[in-house]
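**Q** sharing a sequence plus its predicted fold:
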There are 4 protein chains.
Amino acid sequence: MGKTRLEAFSDGVIAIIITIMVLEMKVPHGEALDTLRPLVPVFLSYVLSFVYVGIYWNNHHHMLHACSRVTGAVLWANLHLLFWLSLFPFTTGWMGENHFAALPTAVYGAVLLCAAIAYYILQQTIIAAGGRDSMLRSALGRDLKGKMSPVFYIVGIVMAEHAAWISLACYVGVALLWLIPDRRIEHTLEKRET
Amino acid sequence: MGKTRLEAFSDGVIAIIITIMVLEMKVPHGEALDTLRPLVPVFLSYVLSFVYVGIYWNNHHHMLHACSRVTGAVLWANLHLLFWLSLFPFTTGWMGENHFAALPTAVYGAVLLCAAIAYYILQQTIIAAGGRDSMLRSALGRDLKGKMSPVFYIVGIVMAEHAAWISLACYVGVALLWLIPDRRIEHTLEKRET
Amino acid sequence: MGKTRLEAFSDGVIAIIITIMVLEMKVPHGEALDTLRPLVPVFLSYVLSFVYVGIYWNNHHHMLHACSRVTGAVLWANLHLLFWLSLFPFTTGWMGENHFAALPTAVYGAVLLCAAIAYYILQQTIIAAGGRDSMLRSALGRDLKGKMSPVFYIVGIVMAEHAAWISLACYVGVALLWLIPDRRIEHTLEKRET
Amino acid sequence: MGKTRLEAFSDGVIAIIITIMVLEMKVPHGEALDTLRPLVPVFLSYVLSFVYVGIYWNNHHHMLHACSRVTGAVLWANLHLLFWLSLFPFTTGWMGENHFAALPTAVYGAVLLCAAIAYYILQQTIIAAGGRDSMLRSALGRDLKGKMSPVFYIVGIVMAEHAAWISLACYVGVALLWLIPDRRIEHTLEKRET
């Protein structure tokens, strides 16, 4: 019954996260082209995080469509996901300002990993709340993408010390993997209706 | 009649409060692990306040379900609650940056106390607006948690000067107490429907 | 037809304005009581502006209830009001940080005046869009409060150079005048329904 | 089916963008009139960008009315538009703080151009999702304004190095051109209904 308000609140938080990330891209004090150069990695981090938050919003949107019952556990699992997403502006700014140095790049991946785990927990909580007949469970199927992403994140975190570009390739790779919204849920929903 | 918009506005304000708190966790200028160390207490304060704002959102959500009539007094009691919640980012940042020093820890507790009082006032205003048959009144029952929390806050404020860890234990304790969403209201609502 | 989205957008902007104002209250760097002292005028300005934004939200809420048709002119008159409200965090911070100095106090009043004018324009635009039978027009009646407020603001602006406390008394006075939500509209709406 | 949430999310992001732009207008540290002088160009940039974001919100609002089907492609085309809009606070602050210097003025125009292109892509995506009978397609007609704006932006970008006032005239000109909300869509919708 509180699904609308859960969606509205999550939308609000995600909208703010996606927008305040840009505040980490501080307005430079000069007017020359040189003053923009140190901002390039900050801008690239911003683009990557914008895409990630967009993906989370998109899939969160689809997942809640398949959620039939909002329990206290669902509310808290959702807040837990929002908590990790709220750290994106911090890790994005830190990675960008330090030009993809080892530690910030690893921490960026660690927060991505925590968000992925929180998303998984939310998914399981919604499935549990939905009971045996959960729409979401049948929609997810084997959930291959959900299982592969953490592996890539861990590779990214471990490799950051040796070659940050491999970490970044992992993070970008997972983003590309998810860019296609979760059609499985759409399909299952359509099937049920017919 | 204006309940939807009251909820939407409160959700907006709470969503922004929960998200701008993270802005107090300033991106460090170095890339070494050492630069993160001073942020640890800021991060812990952020976690505590995130949980508190989450609790307020959750219970606010349940309380408004049981609100049958939105009067001018309800609108202002609600804004009064939002005012105290809006001070959380400030007290959180101050307590975190000063590593749980006496005064910031006491002030943190004082704002928690004010928010609790504001919540209580809002509760009573909704009950008064609902008239003799108020759904919220019967849902609350003895309201033990609501009566115990201020006591803990006051202990926390008083003890801050002597032992900040006792204050923190009080604040964390109340949070744990409330982490379970207010099932009383859910139950009463369900009963009424059957 | 677009009233819901107009309300949602205005609520969003007003929620953000009311919340980012608190960001002007910068977290002090020390932990002593002294570090809080310079924040007292900033805090008082914040309280005043919080009440003002609350009043605008409240009355905006009531006014839109009585709005029957959303035209392009209504959309822009609404954005015009939001523009002046968006300057509140700036004038609030400036007045507070300078401890109610003459010029910042006058500028604070000037922005209050502009917001009041913008509110009046929005009111007239909604009445014009509603046609001869406009519900809002009959609800407003003589609109005494709306006509008195600008006079007080102007007195406040003019007196700022000589005695800032008179200006503040004017601003606080108008706030108290409006704190009671616009029951006229509620009454007219109720009458129409019966 | 997800149109409501798409609107809500877009409204949230646009509301935040329009409001955080004002944060670039930093509260000056003195209380004299002189301290406001360097803020004049920042203020003027803010006004221009506020109007632009208002225009985008207005037209986005109308465009989604004519959108009959929300696909994954529409969601991403929408996020793409929001991405470019999210850069407005940055370019606005940079142009304002550098008093309309050549490069910041050109970059400001470049982001305007990118937002216009993103808007065009979103339009085409909605038309494609709507199929042969797309309401939006017939509403747009020849879309003269949409085709003229990029030309003005490009002139503005190119001229920034030589005469920034011509660039600004271009940007202001396009804003004036669009200030009138897109009545074409309203008209087509009304026709369909009758």
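**A** Nice, thanks for sending it over.
**Q** burial check on the one residue in chain A that gets nearest to chain D, number of neighbours?
**A** Residue nearest to chain D within chain A: A:Ala15 (3.3 Å; C-beta to the nearest C-beta). Just so you know, the C-beta spots here come from the backbone N, C-alpha and C atoms, and that holds for glycine as well. Using other C-beta atoms under 10 Å in any protein chain shown as the criterion, A:Ala15 is surrounded by 28 other residues.
**Q** check contacts around it.
**A** B:15, D:9, D:12-13, D:15-16 (C-beta atoms under 8 Å, 6 or more residues apart in numbering or on different chains).
**Q** spatially nearest residue to it, not counting backbone neighbours?
**A** D:Gly12 (3.3 Å; C-beta to C-beta, 6 or more residues apart in numbering or on different chains).
**Q** and the angle from the host helix or strand of the one you found to helix A:3-20?
**A** Secondary structure from DSSP states H and E places D:Gly12 in helix D:3-20. Put simply, helix D:3-20 runs at 40 degrees to helix A:3-20, going by axes from the mean of the first three to the mean of the last three C-alpha atoms, to 10 degrees.
**Q** quick one: buried residues of helix D:3-20?
**A** Buried residues in helix D:3-20, counted by 16 or more other C-beta atoms under 10 Å in any protein chain shown: D:4-20.
**Q** need the next SSE after the helix or strand harbouring A:Leu81, C-terminal direction.
**A** Using DSSP H and E, A:Leu81 sits in helix A:72-86. Toward the C-terminus, helix A:72-86 is succeeded by helix A:88-97 as the next helix or strand (DSSP H and E).
**Q** list of residues touching that following helix?
**A** A:17, A:20-21, A:23-25, A:41-46, A:48-49, A:52-53, A:101, A:104-105, A:107-108, A:111, A:115, B:22-23, B:25, B:27-29, B:31.
**Q** repeat for stretch A:107-124
**A** With contact meaning C-beta under 8 Å, 6+ apart, stretch A:107-124 is reached by A:45, A:52, A:56, A:59-60, A:63, A:74, A:77-78, A:80-81, A:83-85, A:87-88, A:91-92, A:94-95, A:136, A:140, A:146, A:149-150, A:153-154, A:156-157, A:160, A:167, A:170-171, A:174, B:36.
**Q** go on, stretch A:67-86?
**A** A:1-3, A:6, A:10, A:13-14, A:17, A:53, A:56, A:60, A:111, A:114-115, A:118-119, A:121-122, A:125-126, A:128-131, A:134-136, B:18-19, B:22, B:47, B:50, B:54, B:57-58, B:61, B:179-181, B:183.
**Q** what's the end-to-end length of stretch A:81-101?
**A** Terminal residues of stretch A:81-101 are spaced 26 Å apart (C-alpha to C-alpha, to the nearest Å).
**Q** of the contacts of stretch A:107-124, select the buried ones using a ChimeraX command.
**A** Selecting only the buried entries of the contacts of stretch A:107-124 in ChimeraX, with 16+ other C-beta under 10 Å as the criterion:
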select /A:45,52,56,59,60,63,74,77,78,80,81,83,84,85,87,88,91,92,94,95,136,140,146,149,153,156,157,160,167,170,171,174 /B:36
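**Q** which residues does the residue of chain A found nearest chain B contact?
**A** Closest residue of chain A to chain B, C-beta to the nearest C-beta: A:Gly12 (3.3 Å). A:Gly12 sits next to B:11-12, B:15-16, C:12, D:12 when contact means C-beta under 8 Å, 6+ apart.
**Q** if we use 10 Å, what do you get?
**A** A:82, B:8, B:11-16, B:18-19, C:12, C:15-16, D:8-9, D:12, D:15-16 (C-beta atoms under 10 Å, 6 or more residues apart in numbering or on different chains).
**Q** burial count for the closest residue to A:Ser86 other than its chain neighbours?
**A** The shortest distance from A:Ser86 to any non-neighbouring residue, by C-beta to C-beta, 6+ apart, is to B:Val22 (5.0 Å). B:Val22 has 23 neighbouring residues, counting by other C-beta under 10 Å.
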